[in-house]
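K.L.:
quick check, what structure comes out for this input:
(chains A, B and C, ligands or ions: 4)
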Amino acid sequence: MSHSTSHQAGSNLKMGLPIPNSKLGMWLFLGTEIMFFTAFIGSYIVLRMGSQGWPSDPHVTHINVFLGGTNTFVLIVSSYCVVVAHESMSKKNFKRALKFLWVTTCLGFVFMGIKSVEYYGKISHRILPGMIAENDWQATQMAMDDFDHAVEKTGYSDMKLELGDLQKELAAAEEDDKASIETRIEELQKSIAAIDPFANAVKRFKAEAKKEQMEYDLQSGEEELIASQVEGDSELNFEPLSLTGSVQALKGKYPDYASHVHEPHVILYGNIFASTYFLMTGFHAIHVIVGLILFAFVLKQGAKLDETWTDWVENSGLYWHFVDLVWIFLFPLLYIVDFT
Amino acid sequence: MSEAHPTTHDDAHGHGHEQGFVSKYIFSTDHKVIGIQFLVTTLLMLMVGGALALGVRWQLAFPWESMPIVGPMLFSGDGGQISPEFYTMLFTMHATVMIFLVIIPILAGAFGNFLIPLMIGADDMAFPVLNMLSYWFMWPAITCFFASFFCAGNGAAAGWTSYPVLSAIAESAPGSGMAQNWWLLGVTLVGVSSMMGSVNYMTTIINMRAPGMTLFRMPLTIWGMFITAILQAFALPVLTAAGFMLVADRLLGTCFFIPAGLVVNNADPTVGGGQSLLWQHLFWFYSHPAVYIMLLPAMGMVSDMLSAAARKPIFGYKPMVYSMAAIAGLGFIVWGHHMFTSGMNPALGMTFMTSTMMIALPSAIKTFNWIGTIWGGKIEFNTFTLNSIAFVSMFVVGGLSGIFMAAVPVDIYIHDTYFIVAHFHYVLFGATLFGVFGAIYFWYPKMFGRKMNDTLGKWHFFLTFLGANGTFFPMHLLGVAGMPRRYANPYLHDYLEHLLPMNQFMTYSAILMGSAQFLLLFNFAYSLFYGEKVGRNPWKANGLEWTAPSPPGHGNFDVLPVCYRGPYEYSSPLVEEDYLLQTEYIPPEGQKESKEEHAEPEHA
Amino acid sequence: MRWFWILFFAVCPIAALVICIIAPGMDWWFPSEAGSPLGERIDSLFHLILYIVTGTFIGTQIAMVFVLWKSSKQDDERAWFSHGSHNLEVIWTIVPAGILLFIALYQMDVWAEYRVVSNFPKEARRAPVAEVMARQFEWRIRYPEPGRILQIQAQPTDLYAVNELIVPAAKPVMIYLKTQDVQHSFFLPELRVKQDAVPGQIIPVWFEATKPGEYDLVCAELCGWGHYKMGARVVALAEEEFAAAMEQLETEQSDDGFAESGDDDEE
Ligand code: HEA
Ligand code: HEA
Ligand code: CUA
Ligand SMILES: [Cu+2]
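P.N.:
Ligands and ions are numbered 1, 2, ... in the order given. Prediction:
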């Protein structure tokens, strides 16, 4: 962004503002960036105000105010360091500038690290857009899908297929090969037998769950939701899922296979929450990464750093302040403010 | 102020050394080459968009009849018929191509690039490399749009407005497949291209004006471009953001625009909690300012052309500037007028109605000032003059039909009927495109050093004007008759049956208008080689661009121009001739009336 | 050539004017007389704006042709060296501003009356006739059983119909508009009613058919490939006939064996 200003050869003759093009361009670019995030933040506010409810219990959402607050602090400090770095650049103290840029960059990485911890917490509880059950029907569906996956992962059906093939092969095979095929068959049969109880348990579970699903009246579920919107009543009571017990039992009984299965879990309005959360923090994180890349160019110069980089440092510093500023808006909006 | 900046990149205008073909014409960083690249690309896209429009018109005139020639080629399976799915894809792509690949890039990309540095007396844009990128980002965008339409054999089918839930849930438009995703990606990429362009234009105009070129000595074209760039820069990111959200809804399972419990095409009910109206707000927050993005530069160029044609200063220069700014400012707060029937809060509707009415005011000022400019002039009917006059008169028609729609109760009836289609074709085709045609004739000599053929140009104008009115005027009547837009076959409904002959008439007019565009293309190409050679200032106009050689070389000007006055001093009593270049210095003795005329470069 | 172009720019607006004048006679105008009080007010507002706008249009075109004629005279006079006129500028700002303000204020109460829910006629608001649910590509109607009040939630006693909405004529009626899938728009051209059906919302709409009769109901918001064919009828019946029609619908629905309880015919 900050090169291509070499055209200012006779620029003191020209009209205009007494700042280099690159800096003006950066300011204007940040203006467009502000509108970009304004659109997200505005949408978030509209969606949140328009929603009948919003999951706010930290045990459910895994929103961690402490981590978020730490990150805020980290970014503010890093912003300060950029200022110092730029000041040192103008004073031609390149060593000091470099030092402070390193600190900034490291803080940027700390920010991303903390962010990853937060993301991990959510992802491991499957707080991801489109993956959160908002009623029993969906929770049941997800539990069934999970168990299917668990069975799939053991290679159960593949082994069964292979077994079938081998048995056919056996009939047609030459005497010499038979022995090896037979040992393989035995192996397979053993492994299949080991998984069998689990697979059968899953089958039973699914039958039970399907029945449950049939009873859950979709239509009335939706009607209820809309009715509550029209009548402005936000007390929506979904029955606690009766399958939770069976899922827990299965998990307990077959920990080797089913440990990754999620307990069915209904978070009302969870999807829109997760959608907005990941959208805003995600785009912010992308901006942090871009900022770090901008700094990397300077850090690469090492001892060769000289005053030709002053504008670069100033402009990427501006950018970094902007990234910081966005976070200062996002943090309270996502972590603290209660809109009710 | 002008300390050394990192000059890591090799300056493409490096004087002296030879440039290869590729760096001179393909990956050029010269604003003039980029401008011409934009111009040629967008003119080709105009053909494509127009061809799609003719497909639309064919279906409306001869529903379900086999299209001649192309029909059997495209849909041999359906006996050459346009299917209803394909019809939706046709007008979606027609509008997409026309708006994102023709009008916006031809104004900002082609003329903005070519004219801004020349008219403000700069040697190039502030960021030439960025400028080149903004052109080359068009191509991935074009590729995405075409991938969405031509390659996959299906297309985005949700209209150019792409309202969710239709555009957010793949099942709701089964024929579309991946196309909607490609389409959204394309929109994002043109967005990136425009964004780069607009930051560049703003920086250039703010910071790179020639000595003496104060803000109020800038030609109105530059004002138009400047205000447009501001609009782009602050409205477009909102669309980009919304586009990301919609793509995420389609691909990543989010639910920004998808409410819970919808049963689309017998699929499982949706999970969610989003709001589909949110998209409309975000989309129109961009797309309303965008309609002025599609107009203001043309307004500026027409002002310049009319003033030069009438040999007369522009009537009310400052009111012209202020009204452009007012249009832009008000343009940000009227987006809701596209949503009067969407069930948003009626009080909001009232607010949007009032602001929409008010936006007609600066337009009125501009209209009257154009007429005032011609008043008492010495006009000669050149091709560019004719096109500029057509601009004004078509803009009045299109603008006035906007008043009907701004009136909320009337809009209840005419919303989403052909009345709307009439309105925006009058402003988009009628106004902007005539302005652009005029601008092509006017600045062609500067671009290529030759004039375009005047007779051919007049024929082109004559046929296009008749064809356009024949096509678009009856649309008002269709709208009043209650014909909804985006209908593959309106005649299915009894109350619309009798409109078929009128639609056929419109289609014939459209074909006439379409054929007329070949004259333009031919004229454009022919004059490149056989046009009359001209000098620097064929129209005897005042702007800085006319002091540069035609075509201008690297760095544009022989000497850095210094600007002494505004660009509209035609027929000034100070001089013999009827024009007075902005660069011409008249010593104080010769100066009779104005004191502020003399240039005092601000920072000298 | 000079005269040719001046005439050219003069003839085109005249042609436009002529077309507008003959249009009603050629059946190129509104699909019918406005069939509702709202429609009448919309039409008169439309005509008012039409007159204002036509005046403006003619005025600007005449001015334009006039200045073209004056300034294209072939003589040696120099063009008038003028940078504009402050007074004119003020005049042509204030006059249109007045006109626009007038239009803006004049229409407000029509809008308020028809769109602000608290202004809806009480009788209509108390007893909505039906719920109209749009879906790709048909209109599904749900009535309450005669004598009952329409509930937001479907009731077992509800009556169903597809693509035909029966309403009493000559009195304000209200419907609940919703959509099962994408956005649609409830458009009654003869009655000048239009309201989008927005996913996830239930929108109350009121209208009044002054005379009994059949009216077209079409969809005015792009909703997919079948958008153009999403037509239906609104049948306005005199009060007694309406009651009888509902009774009949009820007997049909409970008698013919396959839809006993008025279950919705979702597959
Ligand atoms: C270049 C593009 C352009 C321009 C300049 C305009 C200009 C205006 N537009 Fe238009 N508009 C579009 C492009 C444009 N529009 C498009 C593309 C759509 C449809 C999008 C879609 O749905 O697909 C649309 C849709 C649209 C709607 C939504 C309709 C609907 O969907 O129901 C409305 C409603 O208010 C509207 C109003 C206006 C108004 C009031 C102006 C004003 O700015 C006009 C002002 C000008 C004048 C009024 C004329 C000159 C003035 C005088 C001669 C003075 C005297 C006048 C009076 C006293 C009345 N437009
Ligand atoms: C700048 C914008 C622009 C321009 C210039 C045009 C130009 C034209 N438009 Fe456009 N139109 C829109 C923007 C534009 N349109 C928009 C935004 C919509 C709304 C879409 C939506 O609802 O989502 C629309 C919708 C729209 C409809 C309504 C569809 C519907 O609602 O069902 C119709 C119908 O007649 C139509 C017709 C035309 C015609 C006949 C032209 C003519 O002017 C075209 C004239 C023809 C040419 C200029 C090309 C000539 C070239 C050839 C004939 C050669 C072809 C050969 C090769 C390709 C080698 N348009
Ligand atoms: Cu339903 Cu269009
Ligand atoms: Cu608009």
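
K.L.:
quick check: closest non-adjacent residue to the residue most central in space within chain C.
P.N.:
A centroid search over chain C (C-alpha atoms, centre = their mean) returns residue C:192, at 3.7 Å, as the residue closest to the centre. Leaving out its chain neighbours, the residue that sits closest to residue C:192 by C-beta to C-beta, 6 or more residues apart in numbering or on different chains is residue C:39, at 3.7 Å. Every C-beta, even on glycine, is put in place using the N, C-alpha and C of the backbone.

K.L.:
what's the answer for residue B:259, then?
P.N.:
Nearest non-adjacent residue to residue B:259 (C-beta to C-beta, 6+ apart): residue C:200, at 2.7 Å.

K.L.:
I'd say the one you found and residue B:270 touch.
P.N.:
No - Residue C:200 lies out of contact with residue B:270 (C-beta atoms under 8 Å); the separation is 9.3 Å.

K.L.:
name the residues contacting each of these two.
P.N.:
B:259, B:260, B:261, B:262 (C-beta atoms under 8 Å, 6 or more residues apart in numbering or on different chains).

K.L.:
among the residues you listed, which one has the most neighbours?
P.N.:
residue B:259 (27 neighbours; other C-beta atoms under 10 Å in any protein chain shown).

K.L.:
check it and give its pLDDT.
P.N.:
At residue B:259, the model reports a pLDDT of 90.

K.L.:
pretty sure it is in a strand, no?
P.N.:
No - assignment of residue B:259 by DSSP: H, G, I helix; E, B strand; the rest coil gives coil, placing it outside any strand.

K.L.:
what parts of chain A come near ligand 2?
P.N.:
By C-beta under 6 Å from any ligand atom, no residue of chain A approaches ligand 2.

K.L.:
and the helices in chain A?
P.N.:
In chain A, the helices defined using DSSP state H lie at A:21-50, A:58-61, A:65-90, A:94-124, A:136-153, A:156-172, A:175-215, A:218-231, A:244-253, A:255-258, A:270-301, A:310-331.

K.L.:
nearest to residue B:459, of those?
P.N.:
helix A:21-50 (43.4 Å; C-beta to C-beta).

K.L.:
wait, does the closest one contact chain B?
P.N.:
Yes - against chain B, helix A:21-50 shows contacts by C-beta under 8 Å from any C-beta of the partner chain at A:21-22, A:24-25, A:28-29, A:31-33, A:35-40, A:43, A:46-47, A:50.

K.L.:
ok, stretch C:224-234 next?
P.N.:
Yes - applying C-beta under 8 Å from any C-beta, one finds stretch C:224-234 touching chain B at C:224, C:225, C:226, C:227, C:228, C:229, C:231.

K.L.:
and the residue of the stretch 101-250 of chain B closest to ligand 1?
P.N.:
residue B:161 (5.5 Å; C-beta to the nearest ligand atom).

K.L.:
could you look up the SS state of that residue?
P.N.:
coil.

K.L.:
got a list of what the residue nearest to it when sequence neighbours are not counted touches?
P.N.:
Nearest-residue entry for residue B:161: residue B:283, 6.2 Å, with adjacent residues in sequence omitted and distances by C-beta to C-beta, 6+ apart. Taking C-beta under 8 Å, 6+ apart, we find residue B:283 in contact with B:161, B:162, B:163, B:239, B:242.

K.L.:
just flag the most distant two among these.
P.N.:
The distance between the two most remote of the contacts of residue B:283 (C-beta to C-beta) is 13.7 Å, for B:163 and B:239.

K.L.:
name the element the closest residue to ligand 2 within the stretch 1-150 of chain B belongs to?
P.N.:
Nearest to ligand 2, among the residues of the stretch 1-150 of chain B, is residue B:50, at 1.9 Å (C-beta to the nearest ligand atom). Element membership for residue B:50, per DSSP states H and E: helix B:31-61.
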